[in-house]
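Visitor: Below is the structure, and that's it, no one-letter string:
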């Protein structure tokens, strides 16, 4: 399995467990996303932003953003968005490390952005920046 896949799986596994623990539907990269706005859910997207050579060419430093969109019906007040954002921030907090395939993905920050409206949904994007040291490809 490649480095990018291991990074995404480390974060996806954590989000799936979060969904189980908190009773909310998870749609990884918009797969099986509910279309009924009465069913709140979280969707994820992995955005790889760069690779830098490190350690005399034996390892790479990879960086990226794991975006989680918190989705509730557009007429929902802000409280559920804020509460879910706080729960996600407690899981994906700065300094946390998630593993897959022997690779540690370290969380650098977890920040909500602006609440948006999209086709009957209220959407609060949460940008989680991460970094990982990987073997050079």
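Guide: Okay, I see it. Given the structure is predicted, the values throughout are model-derived calculations rather than measurements. Residues are numbered from 1 along each chain as shown.
Visitor: contacts, neighbours, all on C-alpha from now
Guide: Fine.
Visitor: List the strands paired with the helix or strand of the chain with the lowest mean pLDDT, with their directions.
Guide: When each helix and strand of the chain is scored by mean pLDDT, DSSP states H and E, strand 41-54 comes last, with a mean of 84. Using DSSP bridges, the strands paired with strand 41-54 in its sheet are strand 25-28 (parallel), strand 59-73 (antiparallel).
Visitor: So what touches it?
Guide: 4, 8, 12, 24-30, 33-34, 59-72, 136 (C-alpha atoms under 8 Å, 6 or more residues apart in numbering).
Visitor: Next, the buried residues of that strand.
Guide: By 16 or more other C-alpha atoms under 10 Å, the buried positions in strand 41-54 come out as 41-46, 48, 51.
Visitor: Break down this structure into its strands, ranges please.
Guide: Here the chain has its strands, by DSSP state E, at 25-28, 41-54, 59-73, 97-100, 103-112, 116-118, 121-135.
Visitor: Would you reformat the buried residues of strand 41-54 as JSON lines and include distance to residue 96?
Guide: Output for those, formatted as JSON lines (distance: C-alpha to C-alpha, whole Å):
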{"residue": "41", "distance to residue 96": "23"}
{"residue": "42", "distance to residue 96": "20"}
{"residue": "43", "distance to residue 96": "20"}
{"residue": "44", "distance to residue 96": "18"}
{"residue": "45", "distance to residue 96": "19"}
{"residue": "46", "distance to residue 96": "17"}
{"residue": "48", "distance to residue 96": "19"}
{"residue": "51", "distance to residue 96": "21"}
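Visitor: In terms of secondary structure, what does the lengthiest helix in the chain contact?
Guide: Among the elements of the chain assigned as helix by DSSP state H, the one spanning the most residues is helix 3-22. Secondary-structure packing of helix 3-22 (3 or more C-alpha pairs under 8 Å, 6 or more residues apart in numbering; DSSP states H and E): strand 25-28, strand 41-54, strand 97-100, strand 103-112, strand 121-135.
Visitor: Many thanks, have a good one.
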